[in-house]
Every structure is written in structure tokens, then in C-alpha cells.
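**Q** fold the following for me, if possible:
(chains A and B)
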Number of protein chains: 2
Amino acid sequence: LPLLLTPGPLSTAPEVRAAANHDWGSRENDFIELTDRLRRRLVALAGSRELVAVPIQGSGTFAVESMLGTMVPPTGRVLILVNGSYGRRMVEICRRIGRSYRVLECEEDCVPNTSALERLLSKDPLITHVAVVEVETTSGIQNPLAEIAQTVFSAGRRLLVDAMSSFGALTPHHDVVPYDALAASSNKCLEGLPGLAFVIAKKDALSAAVGSAPSLSLDLHDQWQAFEKNGQWRFTPPTQIVAALDRALDLLEAEGGTKARTLRYRNNLSVVRKGMDELGFRAFLPEHLNAPIIATFHPPPGEFDFEAFHRELLALRFAIYPGKLTTKPSFRVGCIGQVFPSDMRDFVNAAAAALDRCRDGEMRNLAYRSAKKDGRVVL
Amino acid sequence: LPLLLTPGPLSTAPEVRAAANHDWGSRENDFIELTDRLRRRLVALAGSRELVAVPIQGSGTFAVESMLGTMVPPTGRVLILVNGSYGRRMVEICRRIGRSYRVLECEEDCVPNTSALERLLSKDPLITHVAVVEVETTSGIQNPLAEIAQTVFSAGRRLLVDAMSSFGALTPHHDVVPYDALAASSNKCLEGLPGLAFVIAKKDALSAAVGSAPSLSLDLHDQWQAFEKNGQWRFTPPTQIVAALDRALDLLEAEGGTKARTLRYRNNLSVVRKGMDELGFRAFLPEHLNAPIIATFHPPPGEFDFEAFHRELLALRFAIYPGKLTTKPSFRVGCIGQVFPSDMRDFVNAAAAALDRCRDGEMRNLAYRSAKKDGRVVL
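**A** Below you'll find the predicted structure:
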């Protein structure tokens, strides 16, 4: 059982998986109550009574697509801030679903420039919405949501947030960032199982979005209305995953809420950045831009075979992710899920051992190739 | 723990739920192998090497929408055969995603008329596809897929099948019904957990569907290409649900394959139809039209409070579904999932007891009302 140091799926608590060991009739009262409680708990995490939570089957991308398709009307236009893959994914979604969009892109180690945003908004009055990824797990960068929100609201536009990797740990209270909608998932900072996502939206904005979605499955407004009418999902929900998320929220409370969780993640990040630095792995981002979600590292100087490093680490019980940067070779180490600073220390030790083994392997390879060249080895 | 006698979510085997008690890294080799094995097993169930299986996150409706959006090109037109809610749902999907469609509708207790289908196809050369629900769980009716397919192919059109409640038990081999694509789910006759669906499509037809889907999340072609490229899901898969389905397929094999499973379901249906008939509940469909998936019953003559009946049955450990017929009051009893003829016998006994209790309750109510009227009760 490797520990998953990835942006997801994550390592989850045994209690969360145990909560899934049950069959629910999705139209029975106990499941209706479970869904209702879950929706109220998600709104409570977001912080405002103006909001409603609309869970949706599938991965986080399904929720992002349902948010863009439902909240941006066919006559609207969305300006998408891009500094990584998940921003680009929103662009691709808008292209597919036929929503008018503009892009403001910057480098993957930079945050969006709010002056440029302001200029763009004043130049293009057709832009109705701005969409941004709060934590871009491509690099691990934390975009300045409050500052961006300020610019968007001053310009009289509406904000949509991909808070996939931040909700439940980093996303500010809705009073501070009064977004129209935010998309997130069961399996990131909430530490549930994958297979469920959700959008949290302002009631009045969602109300106005009737008939807007270019999809039946991903129509948030219709799903919201169904919940309001009889508490039921329109289409078969992943009952086990829904129950697991409800249990995961118990554990979040038991941990001390989002503040305590963020603190654990910050400690995780701090241990891994320091330890990896000592091993010669330079972090891609300066510390103040690195959200406590995932860290991107450059390979060490000299030859480095990520596949071999990954394999050695896996043998030592740790799963890490390849990089997603467009410009440079890199790899990523996640800090979220049921992982603790002691796990991160174990990981750093494992990384040291894996690196040694890779280097030994390379030395043997070199020696072997040189011996072969000299005719000292016969195949 | 009630036994779920519904069209889904279903009662599952403990082994299936136990298989979900694990965390997988979705981009690690073991999970890539799991996905690959699952895809091959689904194709093997369908029966032809011309086919590929493309799993998709979410409920069955997500798979149906992805099938219609991907397989019917923007220039195409689909004729939808309707004799219940799931046929109507395909109409609603086409309306939302902007695919041209026509409807051939018949009563909920009738199967589509193939002569009418033939006439419609010859009259409208713009129709490129015909879509049909194999088992319409609105009533439990089994539509004659082979006969419909014959008419569709003779007219040179392509067939799309919603095989949600039939795949794994009833759907004929692809040699007999060479559909372009079929949509189904993990949680019906395959008896996995809900949260995962899939489309099985002819390679050449799916190949031709590049760029057709009006959605990123529900683009089958792109998801297929990703599987072909590196075996990976484009977006976070519901790892536990994927593993549970793989385990559920082991149990299907252990049971003796689809034939043995269908036989069990037929026995379930037979016990419940006979037993309910003896209690005075008439079946909505004649036996030869009732697929061994779910049975619809009329309420018994006289007063009948379904809510009370449902509540009494739940207290006796059985969950059943309200009816979905548009014209008549009814309720439904499912025959699929981990339920056996002995369970169905227990259910019939429970239904008898529940009916008695409801009637006692009514008698008490009547007596109470009459006593109150006579002034014999003071509140």
C-alpha cells in the first residue's frame, strides 16, 4: 500500500473507506437526509447562507464544466486566467461547450497580473465573468484570489473559481471573496474518496441560470432544483462516495477544522521542501508562492532518470507524480490527504535512498557499458 | 440494512464493497493494469473484437449523454424510440446538446412498431442513427432489440443502445445486434457499485467521431484516445468504484456468466410476479414483455397508500420503488443485484404482512374517524 503523495486520488483515512461499506437506496429517506446534511456542511465550510451546494457525479473537471456551462450564459463571455494546465483546461471546456472566452496567460511560476486584468476588463465590456484556478497544481502555485476578486468586482464582473485543490483548506470565506460559484471535489483537501464533485454557488446567480447549461447531465440549475424539490439526485448518485465524504467531514471537524488542516499541510510542505533541498532538489516555486498542496521540484544536477526514481520510491512505499510544467523537466510531491509531517520525513529519507540506488544503478550501467566496450563482457 | 429491490443502486456483494477498501494512485501501473483489464473484460462480455470499452465517471445518464454527443455528429440526426422515461431522457439530452432528433413514441406497455420505424426511416433520409432503450425500467418492458436492429441495418442506419439495465444479463452478442455503441453502468446487472458508467463502441465508428462531442468531460473519443496512449483516465477516476467493478466481474464469472445470472433474475421475477399476483397485485406488463430486471405492479383494488406500504416494507427490511408510469398509479419491485429467489419469497411474505398492517391501519383510521364522528373520542 503506497502512500499517495500526489494531487489526487489521495491516501484516505480507514474510517472514510469504512463509511463506504454499505448499500443505500438513493431515494430512501436516510440517503436523502445524508445528501441534505452533506450539502449543508459544504455551504457551512464556504461560509455564507447566500450559497447552495450542488454535488455532481464524476471528477472535478465535471464540476468545472458544469459550473462554466451553467453559470456563464450563452450570451456571456468569460475571461480565463491561465498559469497552468487547469487554467488551460477551462479554456478547452469553453471551446467545446461553445462559450465565448478570452485568455489572460502568464508564466507557470507567476501569478496573474491584476493591472493587466483590470485593463482587459475595461477594454472588453462583453466580458461578464472571470474564471481562475485558486491553486494551480501544475506547479503548486497559489493565485491571489482575494486580490483578483477585488479587481473583478470593482469592474462589475462576476467571479468563478476552480477551487479543486484548495477548498476545505485555503479558500477564503465567501464574505472576503464573494464568488458567483466555486467548483471543488470530494477527494482533495476534504479527504473523501474520488468520484464526487460539487459546485457552491450564490442562490441568486444559480437561479438566474435556468436553461443555460448545454448539457443535461451537467446542468447545475436542474440538479439544484431537484434537491430543493424532493432532496433527491436526478441521476443515480455514487452512494458510497457520498457517505464517505460525509464521514470525511466528521474527520475534518475532529482535526480542528480547515485551519488545523491547513497547518498540517503547511508543515508537510515545509518538511518536504527543506528535506528535498538538502538532497539537491531545488523547488520550482519560491516558498511564498507555493500553496501547501503540492510542491514541484527540478531534477538534481547531472543525469536523473525520473522513471527509475519513481520506481525506487514506490518500492519504499511512496507514490509521487511526474511534472506537468510545459517548459522544464520536473516532478511533484503532494502534501494533502491522510499524510502527516512524520510521513514527509520518512518520504525525504526514502527519496535519499532512492536517489542513491538510482546513482548506483547508473554507475553500474556506466561500468557495464565501459566493460562491454572494452570487450570484457560477452553477451 | 434493507435489501434494495430497485432498479439501482442495488444490494451488492460484500466482496465487491471490500474491493473498494483501498487507495490507488490512478497513474500508477497497478491501476493502469486494472483499468485495462476491466476494459477488456467489458468488451469480452459484449462479444466482439471490433469493440472498445470506454469507462466514464458518473451515472448511466452521463454515459448515454456522452454516447449521443460523441457518436451522433453535429450534422447527424437521431431517431429516438420512446416507450418510457429513459427514452424521453434521450430526447431531452439531444435537445440540450443541440443534436437533431426525431421521436417515435408508443404506449408504455407496448414495444416499438418496426413497420412504423421502417416507414419513418425511409421517409426521412437525414436520420443517421436510431437510439433505443433495451429495457425500459419505467415499466420493466423488454424492447425487441434484435428485431429493431434488423430494421435499422436494412435501412442503412446506425444503432445506439441504452443498455443500462440489460448489459451483462440480456444484451445479445454484438454479432446479433451490431450496434455502433451501447451505454451501460457498473451498478445494474454487473452488480458493481454506483459511480461509474461506460460506453462500448465499434472502433471504426468511434474513430470517426473525433471532435464531435459538445463537451470535454463527456468526450468518449478523447477518453478512448487517452486509454490507447498511456492507459490512463483523462480526469481523476473513481478508483474504488473501478476496482469494485473488476471484482464484481469475478463474481459474475463465478456465478456462471451472464446466462446463469439471467436465470437467477428470471427466477427472481417469476417468484415475485406469482407471489404478488396471489396477494392481489396485478402486474402492469404481460409476462412475455417483462424483462427479468424490474416488475411494475398496479395497486390492489380499493384504498391503497403506497407511502404506508413502502414504510411497512422498509421496517421489514425491503426497499422498493414508486412507479414511474405517466398514466397510472403503480409501484416497482426490482429483481437485480445480490438478491435471490429465496429473498423474493421473503419479500412476498413481507408484502403480505405490510399489506395487512396497512389495512389494519386503515381499519383503525376508519374506526377512529367514525368514533370521533359519533362523539366517542375526545381529542
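
**Q** please identify the helix or strand for residue A:147.
**A** Taking DSSP states H and E as the definition, residue A:147 sits inside helix A:145-154.

**Q** buried ones in the longest helix seen in chain A?
**A** For chain A, the helix that runs over the most residues, judged by DSSP state H, is helix A:341-373. By neighbour count on 16 or more other Cβ atoms under 10 Å in any protein chain shown, the buried set for helix A:341-373 is A:341, A:343-344, A:346-348, A:350-351, A:354-355, A:357-358. Where C-beta positions appear, they are placed from N, C-alpha and C, glycine not excepted.

**Q** let me see the mean pLDDT of it.
**A** Throughout helix A:341-373, pLDDT has a mean value of 87.

**Q** quick one: list the elements packing against that helix.
**A** helix A:257-278, helix A:306-315, strand A:318-319 (3 or more Cβ pairs under 8 Å, 6 or more residues apart in numbering or on different chains; DSSP states H and E).

**Q** pull out the buried residues from the second one.
**A** What that stands for is helix A:306-315. Buried residues in helix A:306-315, defined by neighbour count with 16+ other Cβ under 10 Å: A:308-310, A:312-314.

**Q** and chain B, which of the residues you listed contact it?
**A** Applying Cβ under 8 Å from any Cβ of the partner chain, the subset of the buried residues of helix A:306-315 adjacent to chain B comprises residue A:314.

**Q** I'd like the buried residues of helix A:306-315 as a markdown table, with pLDDT appended.
**A** Formatted as a markdown table, the buried residues of helix A:306-315 follow (pLDDT from 0 to 100):
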| residue | pLDDT |
| --- | --- |
| A:308 | 94 |
| A:309 | 96 |
| A:310 | 96 |
| A:312 | 96 |
| A:313 | 97 |
| A:314 | 96 |
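
**Q** any idea which of the buried residues of helix A:306-315 is closest to residue A:271?
**A** Ranked by distance to residue A:271 (Cβ to Cβ), the buried residues of helix A:306-315 are led by residue A:313 at 16.0 Å.

**Q** where's the closest one relative to chain B, distance?
**A** The spacing between residue A:313 and chain B, counted by Cβ to the nearest Cβ, to the nearest Å, is 11 Å.

**Q** residue A:356 is in contact with that residue, correct?
**A** No: counting by Cβ atoms under 8 Å, residue A:313 stays clear of residue A:356, with 12.0 Å between them.

**Q** ranges for the helices of the stretch 1-150 of chain A?
**A** In the stretch 1-150 of chain A, the segments counted as helices under DSSP state H, counting those that start in this stretch are A:14-19, A:29-46, A:60-71, A:85-97, A:114-123, A:145-154.

**Q** any idea which of those is most buried?
**A** Burial of the helices of the stretch 1-150 of chain A is given as mean neighbour count (mean count of other Cβ atoms under 10 Å in any protein chain shown); helix A:60-71 ranks first at a mean of 29.

**Q** what angle separates it from helix B:85-97?
**A** Inter-element angle recorded for helix A:60-71 and helix B:85-97: 70 degrees (by axes from the mean of the first three to the mean of the last three Cα atoms, to 10 degrees).

**Q** CA-only coordinates of helix A:60-71 in PDB, if you can.
**A** What follows is helix A:60-71, C-alpha atoms only, in PDB (Å, rounded to 0.1, in the frame of the first residue of the first chain):
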ATOM      1  CA  GLY A  60     -13.600  17.700 -10.500                       C
ATOM      2  CA  THR A  61     -13.400  18.500 -14.200                       C
ATOM      3  CA  PHE A  62     -17.100  17.500 -14.500                       C
ATOM      4  CA  ALA A  63     -17.900  20.100 -11.800                       C
ATOM      5  CA  VAL A  64     -15.800  22.800 -13.600                       C
ATOM      6  CA  GLU A  65     -17.500  22.100 -16.900                       C
ATOM      7  CA  SER A  66     -20.900  22.200 -15.200                       C
ATOM      8  CA  MET A  67     -20.000  25.500 -13.500                       C
ATOM      9  CA  LEU A  68     -18.900  27.100 -16.700                       C
ATOM     10  CA  GLY A  69     -21.800  25.800 -18.800                       C
ATOM     11  CA  THR A  70     -24.400  26.700 -16.200                       C
ATOM     12  CA  MET A  71     -23.200  30.000 -14.800                       C
END
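
**Q** just to revisit the earlier point, highest average neighbour count across the helices and strands packed on helix A:341-373?
**A** Among the helices and strands packed on helix A:341-373, strand A:318-319 has the highest mean neighbour count (mean count of other Cβ under 10 Å), at a mean of 22.

**Q** from the centroid of chain A, which residue is nearest?
**A** In chain A, the C-alpha nearest the mean C-alpha coordinate belongs to residue A:165, at 2.6 Å (Cα atoms, centre = their mean).

**Q** separation between that residue and chain B?
**A** According to Cβ to the nearest Cβ, residue A:165 stands 11 Å off from chain B.

**Q** what sits closest to that residue if chain neighbours are left out?
**A** With Cβ to Cβ, 6 or more residues apart in numbering or on different chains as the criterion, residue A:165 has its nearest non-adjacent residue at 4.4 Å, and that residue is residue A:135.

**Q** beta partners for that neighbour?
**A** In this entry, residue A:135 is beta-bridged to residue A:142, by DSSP bridges.

**Q** would residue A:222 count as being in a helix?
**A** Yes: counting by DSSP: H, G, I helix; E, B strand; the rest coil, residue A:222 falls inside a helix.

**Q** sec struct for the closest residue to it other than its chain neighbours, please.
**A** Counting by Cβ to Cβ, 6+ apart, residue A:234 is the residue found nearest to residue A:222 once chain neighbours are left out, at 6.5 Å. Classification of residue A:234 by three-state DSSP places it in coil.

**Q** so residue A:234 sits against residue A:224, correct?
**A** No: using Cβ under 8 Å, residue A:234 makes no contact with residue A:224, being 10.1 Å away.

**Q** what about these two, which has more around it?
**A** Shown here are residue A:234 and residue A:224; by other Cβ atoms under 10 Å in any protein chain shown, residue A:224 has more neighbours (22 against 18).

**Q** for chain B, see how far away that one is.
**A** Separation of residue A:224 from chain B (Cβ to the nearest Cβ): 16 Å.

**Q** ok, that residue - contacts?
**A** Counting by Cβ atoms under 8 Å, 6 or more residues apart in numbering or on different chains, residue A:224 touches A:52, A:54, A:201, A:206.

**Q** give me that answer again for 6 Å
**A** Shown in contact with residue A:224 (Cβ atoms under 6 Å, 6 or more residues apart in numbering or on different chains): A:54, A:206.

**Q** one more: residue A:331?
**A** Shown in contact with residue A:331 (Cβ under 6 Å, 6+ apart): A:297, A:306, A:322-323.

**Q** so which of these is the most crowded?
**A** With neighbours taken as other Cβ under 10 Å, the top of the contacts of residue A:331 is residue A:297, carrying 24 neighbours.

**Q** hey, what's residue A:182 bridged with?
**A** Residue A:182 has these beta-bridge partners by DSSP bridges: residue A:161, residue A:200.

**Q** surely it touches residue A:198?
**A** No: contact status for residue A:182 versus residue A:198: not in contact, 9.0 Å apart, counting by Cβ atoms under 6 Å.

**Q** quick one: residue A:169 and residue A:189 touch, right?
**A** Yes: counting by Cβ under 6 Å, residue A:169 touches residue A:189, with 3.8 Å between them.

**Q** so which residue of chain A lies furthest out from the middle?
**A** residue A:375 (53.4 Å).

**Q** touching, residue A:358 and residue A:310? I think so.
**A** No: between residue A:358 and residue A:310 there is no contact under Cβ under 6 Å: 9.9 Å.

**Q** thinking again about what came up before, so the residue nearest to residue A:165 sits right up against residue A:144, yeah?
**A** No: shown here, residue A:135 and residue A:144 do not form a contact pair, counting by Cβ under 6 Å, at 11.3 Å.

**Q** quick one: the worst-scoring helix or strand of chain A on mean pLDDT to helix A:306-315, angle?
**A** Of all helical and strand segments in chain A, the minimum by mean pLDDT, DSSP states H and E falls on helix A:341-373, at a mean of 87. Going by the same axes, to 10 degrees, helix A:341-373 is angled at 130 degrees with respect to helix A:306-315.
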